[in-house]
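**Q** A predicted structure for the sequence below; I have some questions about it.
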Amino acid sequence: MSLITNFGQTTALILGLPFDLARANYASAVRLGLLENSLLESARFERELSKIERLSLGLWARRV
């Protein structure tokens, strides 16, 4: 891999960290019973968070 490719991947991972933390916090809240364990709500949360990630990070956003 080239240096530029590695730099781009590292940057994307660092910029995506707050969104990964939001996902982890959501999962913890469900496990603790603070939020309802619902597949529909989980999918809604993920869709909205992914949308915010794409809007805020633009080309640096990860694609799944």
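**A** Looks like it came in fine.

**Q** Poorly predicted segments of this structure, please.
**A** Low-confidence segments of the chain (pLDDT under 70): 1, 64.

**Q** Need the residue closest to the centroid of it.
**A** By Cα atoms, centre = their mean, the chain has its centre lying nearest to F19, at 3.6 Å.

**Q** That residue: what's it in contact with?
**A** F19 makes contact with 49, 52-53, according to Cβ atoms under 8 Å, 6 or more residues apart in numbering. Where C-beta positions appear, they are placed from N, C-alpha and C, glycine not excepted.

**Q** mind redoing it with 10 Å?
**A** 49-50, 52-53, 56-57, 61-62 (Cβ atoms under 10 Å, 6 or more residues apart in numbering).

**Q** now do I4
**A** I4 neighbours (Cβ under 10 Å, 6+ apart): none.

**Q** residues of the lengthiest helix in the chain that come out buried?
**A** Counting residues, the longest helix found in the chain (DSSP state H) is helix 3-32. In terms of neighbour count (16 or more other Cβ atoms under 10 Å), helix 3-32 has its buried residues at 15, 19, 26, 30.

**Q** Against N37, how distant is the third one?
**A** With distances defined as Cβ to Cβ, to the nearest Å, the gap from Y26 to N37 amounts to 11 Å.
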